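*Asks:* here are the coordinates; sequence isn't available:
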């Protein structure tokens, strides 16, 4: 009994990787979707449970960003409209007509719609920025409560970071604005194509 437990602990320590390979991610997601428990999936793919939990949380956040549930809406389209919809499907690189219609609807009301690759990258950036913000808050709290004493070099680094953050914010706002403009242009082009 203790041997099995010790073996499991050693095995987990040996496979305690911070990140999963592409194949491990795909297999982990497949097993999690099938209802597998985190510990079972971790053992099956040869990864640490923490890495599986992280991947599960990331997939959950991504799935909440895209609507694949809700009310079903039925629309009748002429053959020409279906052709235009299929053409837009190719232009946008979406997988289904529903995705095209969702993109058009969201764009028409000013909601942001990013391509899947870009959405994944932005989600990773958002996650990293959140972690950086948490770390900065912890440093500020420790410095304010006199638990740590920062050297001049560290203070300069924090000042540089403080000065850089508005530039990052400006860049991200520019990305968001460009996506919004792109969506409006796409919607206008679609409407003009219908006329």
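*Replies:* Structure's in. What do you need? Values in this document were obtained by computation on a predicted structure and should not be read as measured data.
*Asks:* quick check: domain ranges of this protein?
*Replies:* 2-65, 79-194 (automatic domain parsing).
*Asks:* weakest of those domains by average pLDDT?
*Replies:* Mean pLDDT values for those show the minimum at domain 2-65, a mean of 71.
*Asks:* which stretches of this structure form strands?
*Replies:* All residues of the chain lie outside strands when identified by DSSP state E.
*Asks:* residue boundaries of the helices in it?
*Replies:* Assigned by DSSP state H, the helices in the chain fall at 2-14, 22-33, 38-45, 49-65, 79-92, 97-108, 116-144, 152-194.
*Asks:* Which one, of the domains of the chain, ends up nearest to residue 71?
*Replies:* When the domains of the chain are compared for distance to residue 71 using Cβ to Cβ, the nearest one is domain 79-194, at 12.2 Å. Just so you know, the C-beta spots here come from the backbone N, C-alpha and C atoms, and that holds for glycine as well.
*Asks:* hang on, the earlier thing: columns mean neighbour count and distance to residue 73 on top of the helices of the chain, output as CSV?
*Replies:* Below are the helices of the chain laid out as CSV (neighbours: other Cβ atoms under 10 Å; distance: least, Cβ to Cβ, whole Å):
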stretch, mean neighbour count, distance to residue 73
helix 2-14, 10, 47
helix 22-33, 15, 26
helix 38-45, 18, 35
helix 49-65, 15, 20
helix 79-92, 13, 14
helix 97-108, 17, 8
helix 116-144, 12, 22
helix 152-194, 12, 17
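*Asks:* Compare the ones you listed and report which one is nearest to residue 72.
*Replies:* That would be, of the helices of the chain and by Cβ to Cβ, helix 97-108, which comes in at 9.6 Å.
*Asks:* elements contacting that closest one?
*Replies:* With contacts defined as 3 or more Cβ pairs under 8 Å, 6 or more residues apart in numbering; DSSP states H and E, helix 97-108 has these neighbours: helix 79-92, helix 152-194.
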